[in-house]
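Novice: the following block contains a protein sequence and its predicted model.
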Amino acid sequence: MGRNPLWRDPLPDAGSATFWGSLDPVDRFALHAVGSVRFFPRRALLCRQTQRSAPVYLIYAGLVEVFRTGLDGERVVLARLAPGDIVGDRAAVDEGGAVATVEVVEPTKALEIPAEWFAGLCRHRPRIAWQVLANAVAH
């Protein structure tokens, strides 16, 4: 997949500690090309714990919170994700359900990628797959 000269990287200065920042421009374009940019208001849910076939979201702007709800109903916050971070990647690759709920904390702009398309990119673009693995190990 070649680079489109009209495409502008939405996060050109993403830090290397983020998923997006760890990718080269060709892989960034490949992800962007199969997704749709969406806007989410505060308190919107991107996915629910155990949801099957939830999309993958790459955060372009805003803030989301990842949490699990225990059997006792208690909410346990696992992470807060900011621009450059990704969520739903592991569930897409292993074809399992979402392991947590993701709620928008601040109005958020995100790239939404269908799970099966993301998994396909991981099969054909090893650098993306490697970053998914690195992300899973880090968290």
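Specialist: Sure thing, it's come through. Numbers count the residues shown, from 1 in each chain.
Novice: ok, Arg75 - contacts?
Specialist: If a contact means Cβ atoms under 8 Å, 6 or more residues apart in numbering, then Arg75 has 67-69 as its contacts. C-beta: built from backbone N, CA, C; applies to glycine.
Novice: redo those residues as CSV? Include distance to Ala82 and secondary structure.
Specialist: Listed next are those as CSV, based on distance: Cβ to Cβ, whole Å; DSSP: H, G, I helix; E, B strand; the rest coil:
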residue, distance to Ala82, secondary structure
Phe67, 16, strand
Arg68, 20, strand
Thr69, 23, strand
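Novice: show the subsequent helix or strand relative to the lowest-mean-pLDDT helix or strand in the chain.
Specialist: Between all helices and strands in the chain, the lowest mean by mean pLDDT, DSSP states H and E belongs to helix 89-94, at a mean of 81. Going down the chain from helix 89-94, the next helix or strand is strand 101-113, by DSSP states H and E.
Novice: for that following strand, packing partners?
Specialist: helix 25-34, strand 36-40, strand 45-47, strand 56-69 (3 or more Cβ pairs under 8 Å, 6 or more residues apart in numbering; DSSP states H and E).
Novice: pull the longest helix from the chain.
Specialist: The helix that spans the most residues within the chain, counting by DSSP state H, is helix 126-138.
Novice: contacting residues around that one?
Specialist: Helix 126-138 is contacted from outside by 19, 22-24, 27, 30-31, 86, 89-90, 93, 121-123, using Cβ under 8 Å, 6+ apart.
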